[in-house]
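Novice: I need the structure of the sequence given here:
(chains A and B)
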2 protein chains.
Amino acid sequence: MDAGLINELRDQYGIVFNDIALLDEAFTHSSYKNEHKELALKDNERLEFLGDAVLELTVSEYLYKKYPQLPEGKLTRLRAAIVQTKSFSSFSKEAHFDQYIRLGKGEEQAGARKRLTLLEDLFEAFNGALYLDQGKDAVVRFITQVIFPKIDAGDFSYALDHKTNLQEYLQRNGEVAIEYHVLSENGPDTAHRFKVDVEADGKVLGTGTGKNKKAAEQMAAAEALASLGADDTLLPQD
Amino acid sequence: MDAGLINELRDQYGIVFNDIALLDEAFTHSSYKNEHKELALKDNERLEFLGDAVLELTVSEYLYKKYPQLPEGKLTRLRAAIVQTKSFSSFSKEAHFDQYIRLGKGEEQAGARKRLTLLEDLFEAFNGALYLDQGKDAVVRFITQVIFPKIDAGDFSYALDHKTNLQEYLQRNGEVAIEYHVLSENGPDTAHRFKVDVEADGKVLGTGTGKNKKAAEQMAAAEALASLGADDTLLPQD
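Specialist: Below is the predicted model:
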């Protein structure tokens, strides 16, 4: 196993594997296994199967406890926005997992190292390996660093469509003019943040921040619904 | 909460809830909540959201460990056969959960108590409640009584399509006559069992049992593949 990965896991996430073979397995793509039959390696597909379920529960339990007022339909939409290729592949890349996956030559040349589904599978396989090596609490600790802060920051709240909910709530007795305004936009390219507010008939009801305008608007709508006492919010309940 | 349910959980499964409110919640359908707004009840939908993920992991981990030789594609097919409405609703009924769900009058008259999706949701909600009340090990103990014996008995092995695999394996060098024969069929209606064998060019390669002919044939094909040393089996590896 690449010493770089071992060091990075330890330094960045405080993770040290007991069974290094599990880590090897998680970072072995089937194309590498097939090119090195003499080594009788295991690829990461079975770990991916397990890790998929581990992550589903870890994320579900977090959402269930963090948002006690959120109804099932919204929990499900929020979970679906988190537990998906686009999200998992970006977590995988942020953790630099793409640098360490062992690929066959053909797949390497075909650009598989940047393929979103490969990165998603790798993220799942890593969490499957961590679960087998150290149990669910270790996965929760890792995900607390990698995913939960993004949920809290509202990166997935677009899935709840608070904007539609706010509109329906405000217009339940007739037309109301609803406007969103960008208040500020700053931060480096990699951590760009928008701040917006939402006004109804000229009165500010809420503000929100997010990595893009859409996410910030959803958070502002959620805050507005909360301030109005409407039963729909992704704001932390604690 | 119905004393019958509390007694049955204790006597049949050794389960005693610490927080009886969670059990109440699991057995409260939204239609009942809506008809009794003055009681400010919670329905079981959020628990269903959590329980769904708890069961997904519990079943995945069991399959992963029980069948170390099974590739990811087959693990996924097997899991899908277990984690589905038809299966979960039948587990729910076997545990008599349908007798205890609190339904609104309209839904009761509409026959909701026998509705498969309602029974599935109830099974998930119960396991979500058990998980919150006593942790994953308690869910594993329950599922070890309710689901795992059925997996071991081959009730879901049809999903693996061993028959196709056996045919492809045997005919890799040309035509081979493959025949399945029912050897016996017995047991009461509720626990009917078939026994079959599979022959290739007149030689018996394996036998299997199952709740129907199809399941028994799949198990026979799996046994045949194992006896041939082919890499495809749902037979326990321990």
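Novice: and the residue lying closest to A:Gly187 once chain neighbours are set aside, what is it in contact with?
Specialist: Leaving aside its sequence neighbours, A:Gly187 sits nearest to A:Arg193 (CB to CB, 6 or more residues apart in numbering or on different chains; 4.7 Å). Every C-beta, even on glycine, is put in place using the N, C-alpha and C of the backbone. By CB atoms under 8 Å, 6 or more residues apart in numbering or on different chains, the contact set of A:Arg193 is A:185-187, A:209-211, A:216.
Novice: where exactly do the strands run in chain A?
Specialist: For chain A, strands defined by DSSP state E occupy the ranges A:178-186, A:193-200, A:203-210.
Novice: Now do the domain split for chain A, please.
Specialist: According to automatic domain parsing, chain A comprises the domains A:3-152, A:157-227.
Novice: Output the below-cut-off pLDDT ranges for chain A.
Specialist: A:189-190, A:231-238 (pLDDT under 70).
Novice: can you give me the helices in it?
Specialist: Secondary structure of chain A, counting by DSSP state H: helices at A:3-13, A:20-26, A:30-35, A:45-66, A:72-82, A:85-94, A:105-109, A:116-134, A:136-146, A:148-152, A:162-170, A:213-227.
Novice: and those as JSON lines, adding distance to chain B?
Specialist: Below are those laid out as JSON lines (distance: least, CB to the nearest CB, whole Å):
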{"stretch": "helix A:3-13", "distance to chain B": "22"}
{"stretch": "helix A:20-26", "distance to chain B": "12"}
{"stretch": "helix A:30-35", "distance to chain B": "9"}
{"stretch": "helix A:45-66", "distance to chain B": "4"}
{"stretch": "helix A:72-82", "distance to chain B": "4"}
{"stretch": "helix A:85-94", "distance to chain B": "16"}
{"stretch": "helix A:105-109", "distance to chain B": "17"}
{"stretch": "helix A:116-134", "distance to chain B": "8"}
{"stretch": "helix A:136-146", "distance to chain B": "7"}
{"stretch": "helix A:148-152", "distance to chain B": "15"}
{"stretch": "helix A:162-170", "distance to chain B": "18"}
{"stretch": "helix A:213-227", "distance to chain B": "18"}
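Novice: closest to B:Asp161 out of those helices?
Specialist: Closest approach to B:Asp161 among those is made by helix A:45-66 (17.6 Å; CB to CB).
Novice: Which of the residues in the closest one are classified as buried?
Specialist: Buried residues in helix A:45-66, counted by 16 or more other CB atoms under 10 Å in any protein chain shown: A:45-64, A:66.
Novice: got the CA coordinates for it in PDB?
Specialist: Extracted C-alpha coordinates of helix A:45-66, given in PDB (Å, rounded to 0.1, in the frame of the first residue of the first chain):
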ATOM      1  CA  GLU A  45     -16.300  -4.600  -5.300                       C
ATOM      2  CA  ARG A  46     -17.500  -6.600  -2.300                       C
ATOM      3  CA  LEU A  47     -16.300  -3.800   0.000                       C
ATOM      4  CA  GLU A  48     -18.300  -1.400  -2.100                       C
ATOM      5  CA  PHE A  49     -21.400  -3.500  -1.600                       C
ATOM      6  CA  LEU A  50     -21.000  -3.300   2.200                       C
ATOM      7  CA  GLY A  51     -19.800   0.300   2.300                       C
ATOM      8  CA  ASP A  52     -22.900   1.400   0.300                       C
ATOM      9  CA  ALA A  53     -25.100   0.100   3.100                       C
ATOM     10  CA  VAL A  54     -22.800   1.500   5.900                       C
ATOM     11  CA  LEU A  55     -23.000   5.000   4.400                       C
ATOM     12  CA  GLU A  56     -26.700   4.800   3.900                       C
ATOM     13  CA  LEU A  57     -27.300   4.100   7.600                       C
ATOM     14  CA  THR A  58     -24.700   6.500   8.800                       C
ATOM     15  CA  VAL A  59     -26.200   9.400   6.800                       C
ATOM     16  CA  SER A  60     -29.800   8.300   7.600                       C
ATOM     17  CA  GLU A  61     -29.100   8.200  11.400                       C
ATOM     18  CA  TYR A  62     -27.400  11.600  11.300                       C
ATOM     19  CA  LEU A  63     -30.400  13.200   9.400                       C
ATOM     20  CA  TYR A  64     -32.900  11.500  11.600                       C
ATOM     21  CA  LYS A  65     -31.400  12.800  14.800                       C
ATOM     22  CA  LYS A  66     -30.300  16.200  13.500                       C
END
